[in-house]
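Colleague: model this:
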Amino acid sequence: MSSSVREIIRIGNTDLDGKKSTLHAIAKIKGIGVSTGVAICRYLGIDPNQKLGSLSDDQLKKLEWAVNNVASIVPR
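Modeller: Residues are numbered from 1 along each chain as shown. The predicted structure follows:
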């Protein structure tokens, strides 16, 4: 993990606050709510309470993929 926290992370064409928890940050993306955010974090094995800005580049790439392919992750 990076020792510094990035302030702004761009995922799903949305600028997200890197100081917020991963769960609450991704819930700001249109179409992703808290329940969907929990499902994405569980699927990826990411702690939903971890600050979004402290995630590794690999974790952020996986998160970007999950947001773009949410229909294949979250049951209907």
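Colleague: Checking my notes, Arg10 in a helix, right?
Modeller: No: Arg10 is assigned strand when assessed by DSSP: H, G, I helix; E, B strand; the rest coil, not a helix.
Colleague: Do I have it right that it meets Leu16?
Modeller: Yes: counting by C-beta atoms under 8 Å, Arg10 does reach Leu16; the two are 7.2 Å apart. Any C-beta I mention is one placed from the backbone N, CA and C, and that applies to glycine too.
Colleague: hey, which helix or strand in this protein has the poorest pLDDT?
Modeller: helix 70-73 (a mean of 86; mean pLDDT, DSSP states H and E).
Colleague: thinking again about what came up before, neighbour-wise, which of Arg10 and Leu16 wins?
Modeller: Remark: of Arg10 and Leu16, Leu16 carries more neighbours, 23 against 10, as counted by other C-beta atoms under 10 Å.
Colleague: pretty sure that one is in a strand, no?
Modeller: Yes: Leu16 forms part of a strand when assessed by three-state DSSP.
Colleague: Quickly list what it is bridged to.
Modeller: Ile9 (DSSP bridges).
Colleague: coming back round to it: what's the overlap in contacts for Arg10 and Leu16?
Modeller: Overlap of the contact sets of Arg10 and Leu16 (by C-beta atoms under 8 Å, 6 or more residues apart in numbering) is empty.
Colleague: Many thanks, have a good one.
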